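Participant: mind folding the following:
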Amino acid sequence: MTRQFLLVLAVLTSSLSYAHLPTCGNTCATDTPDAHQHKLAGITNTTQSPHARMTAVPLGGVRWTNGFWDERYEVFKDTMILSMWHTLNNPDISHSYRNFEIAAGHHEGEHWGPPFHDGDFYKWFEGVAAVYAVTREPALDKLMDEIIATIGKVQRNDGYIHTPVVIAEKNKGIDTHSGSGEKKDEKAFEDRLNFETYNLGHLMMAGIIHHRATGKTTLFDIAVKATDFLVHFYETATAELARNAICPSHYMGVTEMYRTTGNPRYLELSKDLINIRGMVENGTDDNQDRVPFREQTTAMGHAVRANYLYAGVADVYAETGEELLMDNLKSIWNDIVNRKMYITGACGALYDGTSPDGTNYTPDSIQKVHQSYGRAFQLPNSTAHNETCANIGNMLFNWRMLQVSGDARYADILETALYNSVLSGVSLDGKRFFYTNPLRISDDFPYTLRWPKERQEYISCFCCPPNTVRTLVEAQNYSYSMSDDGVWCHLYGGSELSTPFRNGNLKLRQLTDYPWEGTIRIVLDEVPLGEQFTVRLRIPGWVKKAGLKVNGKKMNQALTADSYVSLKQQWKPGDVIELNLDMAVQLLESNPLVEETRNEVVVKRGPLVYCLEGIDTRNTPIDQVLIPANIRLKPITETIAGSKMVVLEGKARTAPAANWTNTLYREVQPATGSTTIRLIPYYAWGNREKTEMTVWMPLIK
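Facilitator: Numbering: from 1, shown residues only. Below you'll find the model as predicted:
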């Protein structure tokens, strides 16, 4: 960490002087299956999941060492984490942390902000814990301890924790923190728009990641108590109240709590949550409860809640093996990937619109929705919603499908979303964020959209920024998985992996300038002695040509796109695997049923989708730029906002200038001109001056 970061962090943490809760230091007081093995558990822990094929590597077991992700991580772990703490801890900007302080009795006042602010704060906290797992920075540990002390004072005696309700009870003089806890305002879960279960889900994950990163159980104990409250609530609540939940982030949280504690009541709750969702009367697609999950075969409704639901159901499948769940998940995945997902991996095309039930389009099967999936092939560009949280949900869904199947297609979608529609959610300096991720920005567009066209430091609906923070600082954990027979390499980037394996340790280094170049060298530094094991390397779906060598010797295995190549042998320290992926520039077209991109193309190189900004056309309006089918785009290294990247430069054709004022149609004019254009990675757009942007461009043959 930089000296400047530590100095500023020291000043910020000095204002948090409340008493610490007891901590367990390097030993864990909670007797759980995960408790004494917290250093072995990763972002998810499917080690004991009977229907998982692999499990995540230990949290902190992977670190970026060079290249693209190392440069990005330096921004994430310092600037992005600190900048967001400044936002969340500044009551003039956000009441997110101040709400906890009021509920804890440190300040007087009322709750302010959306009811899901607690969950937003837990997401950021999870990100801090994930950074600590890598850096072991004492200042972060101290900051987390003092924040946890405040959160602990908010929790009611019965385990319930939700600052809007706790503050309201406090201001009514109701004591819920002593005695039996029976004196409480009975408001829990009465209003589904209060987001209590959403917040609790993110508390669970924050507590788990903090426990695995530090070995402490302070926040984890709070999460256990809250999960016990949730279990008791669902065991005793009326059917109407039990169905009153929104945004199922708690599905993932409850299942991961089961994996961490071994408490069978948590697994039963995770299964019951799916059953309850199928019993809602007059449900809505917005809340993902109109169609029971076991009858759902297509993606529909609110995209964030949908993708979180699918990820949570995949977690339940890993524990139960219920085939109907997996059948439906596969059907939904195919619907998303082949009919409803953007080229960037983004999901949720519509801010407002209708969500039909499957392919049976009747008046009764259509509901008005927002921030949602639409019909198949309904993928507008200028009005594309593509909320960053939905794109992160797509990653979470595909990660869990990958863990249970070993199918490289899921890693491919995870990588696509990560590099394009998740990374685009934050500016290159780590300080500003997008809520939505459109594929086209035009100065002439005649409507004012709900969300800004430029990244903002603070967004009134602040769910996406902290979600982006935790996802990006945890990205290294998606690079590898372990199984009984070896290691899986999912994502490429300069990194080091160190993990216990069999009778010893496995340590390897990945040396590469991916995604800018396609050469990946993997050096095995430490291996279990005297044993064979398998190293699996992912061959991405975009690969046309690839080569593979071990210790300089060419290997003859088939290198098939969208698959893993398996190398099984008795490895020794110093062995080197070299994978070469051809990084050719590709022009892609869409299914002709996607009406908005008929006769248009998108440029992709490796995992990166490219876009055209108005400042890179040599003064030609982007609407006049035409892409020749035989265009030659030359990779050039450039720096934008202090970040090195590969841009693509080539000569495009241009249509004649035209005045479209009060004109809807006109006769086609031949393209007579040309101009040099420069395309940049989509994730980097909007980091220079304000300008137009497009991903899809007209094709000229």
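Participant: how close does the residue nearest to Met583 when sequence neighbours are not counted sit to Val646?
Facilitator: The shortest distance from Met583 to any non-neighbouring residue, by Cβ to Cβ, 6 or more residues apart in numbering, is to Gly518 (4.3 Å). Every C-beta, even on glycine, is put in place using the N, C-alpha and C of the backbone. Distance from Gly518 to Val646, counting by Cβ to Cβ, to the nearest Å: 12 Å.
Participant: again with Leu396
Facilitator: 28 Å.
Participant: between the two, who's got more neighbours?
Facilitator: Remark: of Leu396 and Val646, Leu396 carries more neighbours, 23 against 20, as counted by other Cβ atoms under 10 Å.
Participant: which element is the spatially closest residue to the more buried one that is not a sequence neighbour on?
Facilitator: The spatially closest residue to Leu396, leaving aside those adjacent along the chain, is Ala311, at 4.1 Å (Cβ to Cβ, 6+ apart). Remark: Ala311 resides in helix 303-320, with elements defined by DSSP states H and E.
Participant: now do that helix: which elements does it pack against?
Facilitator: Other elements packing on helix 303-320 under the criterion 3 or more Cβ pairs under 8 Å, 6 or more residues apart in numbering; DSSP states H and E are helix 249-261, helix 264-277, helix 323-335, strand 366-372, helix 388-405.
Participant: what's the spacing between the longest strand anywhere in the chain and its chain's center?
Facilitator: Longest strand in the chain, counting residues (DSSP state E): strand 643-654. The chain centroid and the centroid of strand 643-654 are separated by 28 Å under Cα atoms, centre = their mean, to the nearest Å.
Participant: helices and strands around it, which ones?
Facilitator: Against strand 643-654 (3+ Cβ pairs under 8 Å, 6+ apart) you get helix 67-74, strand 600-605, strand 625-628, strand 634-640, strand 673-681.
Participant: can you rerun that using 7 Å?
Facilitator: strand 625-628, strand 634-640, strand 673-681 (3 or more Cβ pairs under 7 Å, 6 or more residues apart in numbering; DSSP states H and E).
Participant: the residue nearest to Met583: what's it in contact with?
Facilitator: Asn580, Leu581, Asp582, Met583, Gly606 (Cβ atoms under 7 Å, 6 or more residues apart in numbering).
Participant: and the two most separated of these?
Facilitator: For the contacts of Gly518, the farthest-apart pair by Cβ to Cβ is Asn580 and Gly606; their separation is 12.5 Å.
Participant: the more surrounded of these two?
Facilitator: Taking other Cβ under 10 Å, Asn580 and Gly606 do not tie; Gly606 has more neighbours (24 against 17).
Participant: ok, now how distant is the more buried one from Ser421?
Facilitator: 16 Å.
Participant: and Glu74, by the same measure?
Facilitator: In terms of Cβ to Cβ, Glu74 sits 22 Å off from Ser421.
Participant: then Gly547?
Facilitator: From Gly547 to Ser421 the distance is 30 Å (Cβ to Cβ).
Participant: show me which of the two is the more surrounded one.
Facilitator: Between Gly547 and Ser421, counted using other Cβ under 10 Å, the more crowded position is Ser421 (31 against 14).
Participant: mind pulling up the pLDDT for the more buried one?
Facilitator: Ser421 is assigned 95 on the pLDDT scale.
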